[in-house]
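> Below is the structure, and that's it, no one-letter string:
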C-alpha cells in the first residue's frame, strides 16, 4: 500500500521500534533478537519498517551491524518496505552499499538540537541535507525528508513555523517525495499540530505528509488525531511506546503502535495490522528489556499476572 492510496478510512503506519525505539536503550539487542522482532512485526501485519540508522555506532551503539541486519531482512522479508535514517554523506554511502531503496534524511529546525545532533547550525545542516537528498534521488532512492523539532525545542522559546516551512520547501524541491514533521521533544499540542499541517500541506501539495509524535506530555494520541483530522494519513509509531532522542533530555517514546491500531480500529479506519499479534510483539520487547512499556493496550488485552 502506497501512502498516496490511503483515504479517510485507511492509514499507513511506519513502525519505528527498531530505530527510534531502541536507540536510547542501554541493553544492546543482538542481530538474532532484532531479526526475531522483525519477524514478529511482519506477522502482525506491519508493512513499513524503519530498520535502524546509518550513524556512527560509537555514538549510537544500538545501530552497530545495521548492514548485516538490512541484508538479512531484505532476503527474508522482501514484502516489507524497509527504510533507515541517514544524517550525513558517510551514512548515505553505507546505506547505498547494502541496497537500501527507501531512506529518511532529516534536519532539525532547532539550533541547539541541530548542534547536538548534527554538529552544526540548522542552516548549514539544511544545505548539507539538501545536497544529500538530491544525491539519493539521483541514485533512484525514495527519500522521506524530515524536520526534527518542528513543533518546538525544550531549550529554545519557539521554533517558528516559517522556519519549518522554509526547510520543508527546500527539501521538497530537492526531490523528496514525503515530508515528515517530527515532534522530537514531545512539546506539541493538537491545535499546533492542526495549524502546522494546514500551513505545510498547501505549500507542498504533491508530497505525502507524515507525522512523528513523541508522547512526553501525554498528548501523543491527541496530536495524532489532530493530524488525522487535518488530512495526514501516514504516521510513525513504535511498539510499546518505545523511543526517545539521545539529544533531548527526558524525551519519552513514540505513540505506541498498539494504541494507534486500537484507536483507528474503533473508528473503522483500516491499518492492516492485527492488534492481538501486535501485543505479542510488545510482550517480547518487555521480556527482552525486563520492564513494562508505557503503551496502554498491552495491559488491557494481556494484563501481567501478579
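Yep, that arrived. In this text the structure is predicted, and so the values were computed from the model without any measurement.
> tell me which element the residue nearest the centre of the chain is part of?
In the chain, the centroid-proximal residue (CA atoms, centre = their mean) is residue 236; its distance is 4.5 Å. Element membership for residue 236 (DSSP states H and E) is strand 234-237.
> Need the contact partners of that strand.
Contacts of strand 234-237 with the rest of the structure, by CB atoms under 8 Å, 6 or more residues apart in numbering, involve 3, 6, 11-16, 20, 50, 178, 180, 182, 208-213, 224, 227-228, 254-257, 260. Heads up, the C-betas are built off the backbone N, CA and C, glycines and all.
> so what strands line up beside it?
The strands that strand 234-237 pairs with in its sheet are strand 12-15 (parallel), strand 208-213 (parallel) (by DSSP bridges).
> Check the offset of the first one from the chain's centre.
The gap between the average C-alpha position of strand 12-15 and the chain average comes to 8 Å, counting by CA atoms, centre = their mean, to the nearest Å.
> you'd agree residue 219 is up against residue 189?
Yes - using CB atoms under 8 Å, residue 219 makes contact with residue 189 at a distance of 5.9 Å.
> And the two? Which one has more around it.
Neighbours were tallied for residue 219 and for residue 189 using other CB atoms under 10 Å; the higher tally belongs to residue 219 (21 against 15).
> Would you mind measuring from that one to residue 149?
16 Å (CB to CB, to the nearest Å).
> sorry, back to before: generate a markdown table for the strands paired with strand 234-237, with mean neighbour count as supplementary columns.
Compiled in a markdown table, the strands paired with strand 234-237 are given as follows (neighbours: other CB atoms under 10 Å):
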| stretch | mean neighbour count |
| --- | --- |
| strand 12-15 | 25 |
| strand 208-213 | 24 |
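> so which of those gets nearest residue 282?
Across the strands paired with strand 234-237, residue 282 has its closest neighbour in strand 12-15 (11.7 Å, CB to CB).
> quick one: contacts of that closest one?
Contacts of strand 12-15 (CB under 8 Å, 6+ apart): 1, 3, 6, 41, 46-50, 83, 210, 233-239, 257, 260-261, 271, 273.
> these two touch, right, residue 72 and residue 39?
No - using CB under 8 Å, residue 72 and residue 39 do not qualify as a contacting pair, with a distance of 10.6 Å.
> Helix or strand with the lowest mean pLDDT in this structure?
Scoring the helices and strands of the chain by mean pLDDT, DSSP states H and E places helix 111-117 at the bottom, with a mean of 63.
> Past that helix, which element shows up next along the chain?
Beyond helix 111-117 toward the C-terminal end (DSSP H and E), the next one is helix 122-138.
> That following helix packs against which elements?
Taking 3 or more CB pairs under 8 Å, 6 or more residues apart in numbering; DSSP states H and E as contact, the helices and strands that helix 122-138 lies on are helix 89-97, strand 102-108, helix 111-117, strand 142-148, helix 161-173.
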